[in-house]
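In: could you look at this predicted model? Sequence included:
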Protein chains: 2
Amino acid sequence: MSRAGETGVQSALSTLRILEEVARRQPVGVSELARIADMPKSSVQRYLATLQQAGWLRIVDTERARWGLTAKPIGIGLRAAGEGGLREAALPAMRALSREINETVHLAMRDENSLVIVARRDGTQTVRTYVELGTIAPIHGTASGLSILARLPDAEVDAVIAAGLAAHTGTTIVDADTLRAEVAATRERGYAINAASWWRPHVAAIGAAITDRTGRPLAAFALSIPTVRFDPADAPRLGALAVAAADQVSDLLD
Amino acid sequence: MSRAGETGVQSALSTLRILEEVARRQPVGVSELARIADMPKSSVQRYLATLQQAGWLRIVDTERARWGLTAKPIGIGLRAAGEGGLREAALPAMRALSREINETVHLAMRDENSLVIVARRDGTQTVRTYVELGTIAPIHGTASGLSILARLPDAEVDAVIAAGLAAHTGTTIVDADTLRAEVAATRERGYAINAASWWRPHVAAIGAAITDRTGRPLAAFALSIPTVRFDPADAPRLGALAVAAADQVSDLLD
DNA sequence: CCTGTCGTTCCGATGGTTGGAACGACGTAT
DNA sequence: ATACGTCGTTCCAACCATCGGAACGACAGG
């Protein structure tokens, strides 16, 4: 079916696809899902019934049969987040950091070549950056990602490069050597700076990695600042604060 | 296949079953999963490959092929938790509450006739109650659940009763009229008391509901206290604190 | 050396899955 | 009032994806 012609239970893949679409668009109806996923309505209906039977979905609006998630995925998601250990450990530091600088702080967890935004603390400014929780971000295109790469051995950095450097804005680093240089600069600096909107337009960021006790990076804090408010001269101060907070959380782990 | 002979894509149900088992037991191998789920090893292997292809699982230990969750479920779980809105709104109050009484505070979200434990703040005591995040708890067998039932109209309480009152310990309320009386007492009191280990042995609890602006209960705080340390005379003070915290969060919603 | 268990791969028979077609209900434009 | 479009839902026969037993090499321990 798909070009990545692997083995795989087709019906299960389709069912999971529907699950993900419901998660993204809930509350949502059968026809809309069928259109989005380009599947027959009757098939989608069957997948929905299957997911309901498995306890993942339920009809949240009986009037017009809108589907939504049950609470079961919460438990699965929390386990994926390491029983919330990292998240819970990081939240206090995030709050303090956010208060100190009065800007949005994100917690991003690494998953292979991606990051997942798993927590956020906002500042009080009227103009704020915003990314939805659960969003997947590229590791090579974010300050958080760079701060993580900087803590990895060169071989793993090369593996990320080998996987391909997709462009997200006109300024995303897509050249291998440029990225290696940025990693080197980040290692020296101790924190990462994205002043050029690598990923999202008009957003600058400072990144600092959180490591386990072996020094392996698991996640990172990002100070997300609208470019219009970002002054490069502030970077050292912000960077030092971010690193201090990240180190504090790192020390809490295990 | 199962007695609840519904329609449903069998292979998808089996695949989801494997996903849940991996979530619960990660890191885990093929054979163990096959034993637990009572499925042929080759089938489990195929389901795992399917879930990997869908991006939900990956091999976390290449040496012995142990499977674990990717970060994708985190995003799904966060959306199930209402983009974290309730959770994020409740965490500060939970922290304050936990500090004040120096006991464990749980946040439980309602899902039909169940609760899901979605957050926890511990006190500093050596002996603590412990339930894993993501655990499903019965609404009729917990202080949090009772506090939620007390905010629901009688018709919905009856619906919960009609769904069946399963016993979890020898003291779980399984009689409809006893439960109705307890609901009435909770309504009058404003908070729920479980001093008899309805759900988990040796655990007492005080529950207070969190409502949306229409007054509908969405979740609840539970003060979870080992029975040995629980003094019924403290209930009014603890209850008042729990209600105050819950109300404070309720006011934050929307 | 033998045994048990691990993860992985293969393949023919089978029955679960598929999706077009049709239904009644509803809201809207004609 | 009529015609039309869309909604969610149900049914069924043909087909092909799925199933699971069997066998593989690798490994650890007795």
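Out: Perfect, I can see it now.

In: and the nearest residue to A:Arg66 once chain neighbours are set aside, what pLDDT?
Out: Excluding the flanking residues, the one nearest A:Arg66 by C-beta to C-beta, 6 or more residues apart in numbering or on different chains is A:Pro27, at 3.5 Å. Where C-beta positions appear, they are placed from N, C-alpha and C, glycine not excepted. Confidence at A:Pro27, expressed as pLDDT, is 87.

In: and for A:Thr129?
Out: Value for A:Thr129, per-residue pLDDT: 83.

In: domain ranges for chain A?
Out: A:10-72, A:81-252 (automatic domain parsing).

In: which one of those domains lies closest to DNA strand D?
Out: Closest of those to DNA strand D is domain A:10-72, at 2.0 Å (criterion: C-beta to the nearest atom of the strand).

In: between the domains of chain A, which one is nearest to DNA strand C?
Out: Comparing these by C-beta to the nearest atom of the strand, domain A:10-72 comes nearest, at 3.1 Å.

In: all helices for chain A, in order.
Out: A:10-25, A:30-37, A:41-53, A:72-80, A:85-101, A:143-149, A:154-162, A:176-189, A:235-252 (DSSP state H).

In: just name the most buried of those helices.
Out: Of all these, helix A:143-149 has the most neighbours on average by mean count of other C-beta atoms under 10 Å in any protein chain shown, namely a mean of 31.

In: circling back to that earlier point, could the helices of chain A go into a markdown table alongside distance to B:Glu63?
Out: Shown next, in a markdown table, are the helices of chain A (distance: least, C-beta to C-beta, whole Å):
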| stretch | distance to B:Glu63 |
| --- | --- |
| helix A:10-25 | 27 |
| helix A:30-37 | 37 |
| helix A:41-53 | 34 |
| helix A:72-80 | 22 |
| helix A:85-101 | 24 |
| helix A:143-149 | 23 |
| helix A:154-162 | 17 |
| helix A:176-189 | 28 |
| helix A:235-252 | 26 |
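
In: closest to B:Ala150 out of those helices?
Out: B:Ala150 lies closest to helix A:72-80 among these, at 23.4 Å (C-beta to C-beta).

In: could you measure from the residue sitting nearest the centre point of chain A over to chain B?
Out: Residue closest to the average C-alpha location in chain A (C-alpha atoms, centre = their mean): A:Val116, at 1.9 Å. A:Val116 is 4 Å from chain B, where distance means C-beta to the nearest C-beta, to the nearest Å.

In: report how many residues lie close to the nearest residue to that residue once chain neighbours are set aside.
Out: Of all residues not flanking A:Val116 in the chain, B:Ala71 sits nearest, at 4.1 Å (C-beta to C-beta, 6+ apart). Using other C-beta atoms under 10 Å in any protein chain shown, B:Ala71 has 24 other residues around it.

In: contacting residues for B:Ala71?
Out: B:Ala71 is in contact with A:Ala80, A:Ala81, A:Met109, A:Arg110, A:Asp111, A:Ser114, A:Val116, A:Val118, A:Ile136, counting by C-beta atoms under 8 Å, 6 or more residues apart in numbering or on different chains.

In: go with 7 Å
Out: Residues near B:Ala71 by C-beta atoms under 7 Å, 6 or more residues apart in numbering or on different chains: A:Ala80, A:Met109, A:Asp111, A:Val116.

In: low pLDDT regions in the stretch 1-150 of chain A?
Out: Applying pLDDT under 70 to the stretch 1-150 of chain A picks out residues A:1-8, A:82-85.

In: how far away is the residue of chain A found nearest chain B from A:Arg189?
Out: Using C-beta to the nearest C-beta, the closest approach of chain A to chain B is made by A:Gly77 at 1.6 Å. According to C-beta to C-beta, to the nearest Å, A:Gly77 and A:Arg189 sit 33 Å apart.

In: try A:Val30
Out: From A:Val30 to A:Arg189 the distance is 52 Å (C-beta to C-beta).

In: pLDDT weak spots in the stretch 151-254 of chain A?
Out: A:254.

In: tell me the residues on it that lie near DNA strand D, please.
Out: Residues of the stretch 151-254 of chain A lying close to DNA strand D by C-beta under 7 Å from any atom of the strand: none are found.

In: got the residues of the stretch 151-254 of chain A near DNA strand C?
Out: Counting by C-beta under 7 Å from any atom of the strand, no residue of the stretch 151-254 of chain A is near DNA strand C.

In: returning to what we had before: make a markdown table from the contacts of B:Ala71 and add distance to A:Ala166 to it.
Out: As requested, the contacts of B:Ala71 are exported to a markdown table (distance: C-beta to C-beta, whole Å):
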| residue | distance to A:Ala166 |
| --- | --- |
| A:Ala80 | 24 |
| A:Met109 | 20 |
| A:Asp111 | 16 |
| A:Val116 | 17 |
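
In: so which of these reach DNA strand D?
Out: Near DNA strand D, by the rule C-beta under 7 Å from any atom of the strand, you find none of the contacts of B:Ala71.

In: among those, which ones are in strands?
Out: Among the contacts of B:Ala71, DSSP state E puts A:Met109, A:Asp111, A:Val116 in strands.

In: nearest residue to the second one in space, please, no chain neighbours.
Out: By that I understand A:Asp111. A:Asp111 sits nearest to B:Ala71 (C-beta to C-beta, 6+ apart), 3.5 Å away.

In: equivalent analysis for the first one, please.
Out: Of all residues beyond its chain neighbours, the one nearest A:Met109 is A:Ala219 (4.5 Å), with distances taken as C-beta to C-beta, 6+ apart.

In: right, and the one you found touches A:Leu115 too?
Out: No - using C-beta atoms under 7 Å, A:Ala219 is not in contact with A:Leu115; the gap is 8.1 Å.

In: and for the two, which residues touch both?
Out: A:Ala108, A:Met109.

In: thought A:Val174 was touching A:Ala167?
Out: Yes - if you go by C-beta under 7 Å, A:Val174 and A:Ala167 touch, sitting 5.1 Å apart.

In: and these two? Which one has more around it.
Out: A:Val174 (15 against 12).

In: which residues does that one contact?
Out: A:Leu165, A:Ala167 are the contacts of A:Val174 under C-beta under 7 Å, 6+ apart.

In: equivalent analysis for A:His168, please.
Out: Contacts of A:His168 (C-beta under 7 Å, 6+ apart): A:Pro138, A:Gly141, A:Trp198, A:Trp199.

In: same check, this time on A:Ala119
Out: Taking C-beta under 7 Å, 6+ apart as the test, what A:Ala119 contacts is A:Arg87, A:Ala90, A:Leu91, A:Met94, A:Leu107.

In: again, 6 Å this time
Out: A:Ala119 makes contact with A:Arg87, A:Leu107, according to C-beta atoms under 6 Å, 6 or more residues apart in numbering or on different chains.

In: that one bridge partners, please.
Out: A:Leu107 (DSSP bridges).
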